[in-house]
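Student: A predicted structure for the sequence below; I have some questions about it.
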Amino acid sequence: MFNLIFRHETRSLTRTPAFVWILGLLAAAMIFGAWAAAQSIARQEAGAQAVVVAASKQREKMRGAVVAYEKKTAATGQAYEVAAFNHAGGAVPAGTNAGTVGSTLVSPAILPPTGLAAFAVGQGDIQLSYIPVNSNSIISATRDAEIGNPVNLKRGPFDLSFVVIFLLPIFILAISYDMLSSEKERGTLAMVLSHPVSLRKLMLSKVVSRAMIILAVIVIAGFGALLTVGGDLGLADTWARFGLWMVATLLYSLFWFGLAVLVNALSQNSATNGVVLAGAWLVLVVVAPTLVSVLATTVYPAPSRFEFITASRVVQTQVEKDYMKALDKYFYDHAEFAPQGAASEADFLATSLAKNAAVEKAMTPLFNQFRGQLAKQDDMVAQVQFVSPAIMMQRVLNDASGASAARYSGFIDQVVAYRQVWTDHFTRRFVAQTPLRSADYAAFPSFQYREEAVGDLAGRSAPSILGLLALMTAVMVGAFAALRRYQVAAR
């Protein structure tokens, strides 16, 4: 009997114009969301590539001048000298001075998109996907990124995650709000139950038929998006992320089907069911995430960007006044770079390094406060995420796509470490007054992003996945248990 009802429900649904329109709208929304997100990712990649090209041209121009100088000294027998720091227009090209090169050239640190980057943009549209690195303060480079709440649940770009989190529940509720009430209002429910079939089996057949069709659309659209706008399809990391996306979407969809069953079990009319489910969507998808976001930013407020920039300027002004003290402090902390002789105090690069070190040291506490507050906000959201399936779903999708706050924080940590490698490489050569030659340019440090392990990704997403599973199971069990008290006859 179950199979008979299931086939009947499936045929009826596929022949209903409204249902077909809903499926079409869902597929169109997913396709458009994937396309829109892909355009956003493409713009980010284009911006990063433009920075790489500009940096490469700048480096090649400087190296070209060094090559010409090498040929000139070889032809004339002149000594190969080091140019004065940041002194342009002299006979010796600036590219021979390691200090000038290290503080002038830019080595872009790029955060590469994951294979599922187009599935959830997250805060990628307001975070720098590249950071220009040189010997100057890393804080001044990273402060250009917009600092905001780590989970943007109120609004965001139109992408697949927006479709899944916000629109998919609406489509599910639109085809499920009257599964029993419509039969009851037409007077056919009692007739159907007069056959050897229980109310639970009837409801199960209705839910399964609808869920299989909806999930088929999701799977087909998901694979289509992966093949068309996804990247790195040959990497296991991409397929692991896609598997995580599919599991989360399946659990999230089943939760909303379970909620529709639960409301249908209340024996109310179709209009009342629709109003109750609409209110549930509003609370769980819009209100609860917004309240959690406000709570996190209120309990752990991050200083504003205006405060950060103002404090940076105040510190820099103070360091300008006390640059000699800053110079002594720098050489005290970095004795390995201290050249011999009193004349070192007048050295412009040494003074510049001292100023940068002093500014960075003074700004580090505020910079760390920014990052620390954001981390605390994210931790709070992680702790209270179970109040809303939308929050859990957002966190999983951000992790799967590589748009999570944790991945970006790891990127910043790698950039900070790389900047130190870059600075040390050129500072040692400058202090030793070793001139750079054209062959040295190929040995300059370069940034290589180290992707997080799949195990770390799975461990971070596990609480959200388990939360969705527990919530879906509780709603499903409670819904079918509530059918015991369902009043078949109209009151």
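Tutor: Yep, it's here. Numbering: from 1, shown residues only.
Student: can we go C-alpha only for contacts and neighbour counts from here?
Tutor: Noted.
Student: excluding covalently adjacent residues, which one is nearest to the spatially most central residue of the chain?
Tutor: Centroid-nearest residue in the chain, with C-alpha atoms, centre = their mean: residue 403, separated by 1.4 Å. Spatial nearest neighbour of residue 403, excluding adjacent residues (C-alpha to C-alpha, 6 or more residues apart in numbering): residue 122 at 5.3 Å.
Student: show me what the longest helix along the chain is packed up against.
Tutor: Taking DSSP state H as the criterion, the chain has its longest helix at helix 17-76. Judged by 3 or more C-alpha pairs under 8 Å, 6 or more residues apart in numbering; DSSP states H and E, helix 17-76 is in contact with helix 2-14, strand 107-110, helix 160-162, helix 168-174, helix 199-229.
Student: next structured bit after that helix?
Tutor: Counting by DSSP states H and E, the next helix or strand C-terminal to helix 17-76 is helix 98-104.
Student: check the offset of that next one from the chain's centre.
Tutor: Offset of helix 98-104 from its chain centre (C-alpha atoms, centre = their mean, to the nearest Å): 33 Å.
Student: swap in stretch 283-297?
Tutor: With C-alpha atoms, centre = their mean, you get 19 Å for stretch 283-297.
Student: C-alpha coordinates for that stretch, CSV please?
Tutor: Taking Å, rounded to 0.1, in the frame of the first residue of the first chain, the C-alpha atoms of stretch 283-297 are listed here in CSV:
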residue,chain,number,x,y,z
VAL,A,283,11.9,33.2,13.4
LEU,A,284,14.4,30.4,12.6
VAL,A,285,15.9,31.9,9.4
VAL,A,286,15.8,35.7,10.0
VAL,A,287,15.0,36.7,13.6
ALA,A,288,17.2,34.1,15.5
PRO,A,289,20.3,34.6,13.4
THR,A,290,20.0,38.4,13.7
LEU,A,291,19.6,38.2,17.4
VAL,A,292,22.6,35.9,17.7
SER,A,293,24.7,38.3,15.5
VAL,A,294,23.6,41.3,17.7
LEU,A,295,24.4,39.4,20.9
ALA,A,296,27.9,38.4,19.7
THR,A,297,28.8,42.0,18.6
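Student: what residue ranges in the stretch 351-491 of the chain score low on pLDDT?
Tutor: Across the stretch 351-491 of the chain, the ranges flagged by pLDDT under 70 are 351-359, 362, 489-491.
Student: sec struct for the residue nearest to residue 403, please.
Tutor: Look at residue 122: counting by DSSP: H, G, I helix; E, B strand; the rest coil, its state is coil.
Student: around it, count how many other residues there are.
Tutor: For residue 122, the count of nearby residues is 30 (other C-alpha atoms under 10 Å).
Student: could I get the pLDDT score of it?
Tutor: For residue 122, the pLDDT comes out at 73.
Student: that one is in contact with residue 400, isn't it?
Tutor: No: using C-alpha atoms under 8 Å, residue 122 is not in contact with residue 400; the gap is 10.9 Å.
Student: still on that earlier bit, distance of the residue nearest to residue 403 from residue 40?
Tutor: Applying C-alpha to C-alpha, to the nearest Å, the value for residue 122 to residue 40 is 11 Å.
Student: alright, I will stop here.
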